[in-house]
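**Student:** I'll drop the sequence and a predicted model, then ask my questions.
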Amino acid sequence: MTTSRHVMSLRDQKPDSEHRGGSVQSLGADDFPLLSRLSIRRLVLEAGTLREPHWHTNANELTYCLRGSALVTIFDNGSTYHRFTIGVGQMFFVPSGALHTIEVLGDETAEFIATLTHERPEEFGLAGSLAVMTDAVIGNTFDMNAGAVSKRNHEVRDTAIQDLPARPEPTIDDGRTDPFKFDVETMSPPVQSMDGAVKTARSQFWAALDKVSMYSLKIPDNGMREPHWHPETAEMGYIAQGTGRMTILNPDGTSDTFELHPGDVYFIPRSYPHQIEDIGDGDIHFLIFFDQPMPRDIGYRAALSALRPDVVATEFGIAPEDLPKLPFTPADPLIVGRFNPIDPVA
């Protein structure tokens, strides 16, 4: 089994920020040079804490909740305001520049995987942006004397994880649906068979998405993601569960085959052919992010159905009479059954 420039562990990254058992870990282009138009973060928040209100200067954010629950607040252009609860298997979207924060609900640790639509995302924290302004400026902003705000923090620093002075108490309204919230794991899978299922957070079903989307891919031992490529989108995956194996072909003719374990992140540039299979015990669950709101792909099975048999035989390097009768497939199945034993890999 080879190591590969296409994969890194997110869980093993040194935290960018830590506080009371919580942490922010990230992979951007400085750590993972292959990344382009996408980066990823893992956020762990303990009970009684929040992700500091902040905004990104150059990236939209798409976040999936792995465990726990939280209250999310987003304030966007035109004084538009969003606040909603988020739980396991739910997602939220934040446009670039929109102020947003995450407050943990209850006593359980919360964990999130966030994708940003830039390989080197930048952000400002609210605490630092308040501190840089003088007391007079802040006082004028809120129609009060400068002395009324003189006791505040005046040091320009941002702390990604902060203590909450009091636990949030969600209202009934906070449980409503919202344009920036999507319950991906309760949707009927657009792709489902005995060989696996794919649930899709894309603009076809979630109109708010811009420059990003996500597939929740679950494959059992008897299934496999067929070899394919994405003509117009890069792919970045986070392994939430199970042990998988991927093979990728590079433009120079070299190929990488590597195992994927929980906490790993892989990245595939546009149009690189690749394949995913389950090689461990139990199902695999991948969170797969794309740099387009409506990703598309070309799979080997349907692509070969579009070619004349003589052409297919030529590409296999065999005589036409030795070509087995391949099933005609007008549309990609995405997931196929695995009839053969797992290949050994040197």
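**Tutor:** Okay, I see it.

**Student:** what sits against residue 237?
**Tutor:** Residues counted as contacts of residue 237 (CB atoms under 8 Å, 6 or more residues apart in numbering) are 260, 265-266, 286-289. All C-beta spots, glycine's among them, are computed from the backbone N, C-alpha and C.

**Student:** 6 Å instead?
**Tutor:** Residue 237 sits next to 266, 286, 288 when contact means CB atoms under 6 Å, 6 or more residues apart in numbering.

**Student:** likewise residue 263?
**Tutor:** 9-11.

**Student:** using TSV, lay out those residues together with pLDDT.
**Tutor:** Converted to TSV, the contacts of residue 263 look like this (pLDDT from 0 to 100):
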residue	pLDDT
9	97
10	98
11	97
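
**Student:** give me the below-cutoff pLDDT ranges for the stretch 1-150 of the chain.
**Tutor:** Scanning the stretch 1-150 of the chain for pLDDT under 70 picks out 1-2.

**Student:** please enumerate the helices of it.
**Tutor:** 126-131, 135-141 (DSSP state H, counting those that start in this stretch).

**Student:** which residue ranges of the stretch 151-300 of the chain form helices?
**Tutor:** 300-305.

**Student:** in the stretch 101-250 of the chain, what residue spans correspond to strands?
**Tutor:** 110-116, 123-125, 161-163, 181-182, 191-193, 196-201, 213-219, 223-229, 235-241, 244-249 (DSSP state E, counting those that start in this stretch).

**Student:** partners of the second one in the sheet?
**Tutor:** Each strand that pairs with strand 123-125, with its direction, by DSSP bridges: strand 49-56 (antiparallel).

**Student:** by how many degrees do the partner strand and strand 110-116 diverge?
**Tutor:** Following axes from the mean of the first three to the mean of the last three CA atoms, to 10 degrees, one obtains 10 degrees for the angle between strand 49-56 and strand 110-116.

**Student:** now the strands of the stretch 101-250 of the chain in a markdown table, with distance to residue 55?
**Tutor:** Converted to a markdown table, these look like this (distance: least, CB to CB, whole Å):
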| stretch | distance to residue 55 |
| --- | --- |
| strand 110-116 | 12 |
| strand 123-125 | 6 |
| strand 161-163 | 16 |
| strand 181-182 | 18 |
| strand 191-193 | 35 |
| strand 196-201 | 22 |
| strand 213-219 | 21 |
| strand 223-229 | 35 |
| strand 235-241 | 22 |
| strand 244-249 | 34 |
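
**Student:** in terms of mean pLDDT, which of those strands ranks lowest?
**Tutor:** If you rank these by mean pLDDT, strand 191-193 sits at the bottom with a mean of 89.

**Student:** can you list the buried residues in it?
**Tutor:** Buried positions in strand 191-193, judged by neighbour count with 16 or more other CB atoms under 10 Å: residue 191.

**Student:** same check, this time on stretch 254-263
**Tutor:** Buried-residue list, stretch 254-263, by 16+ other CB under 10 Å: 256, 258-260, 263.
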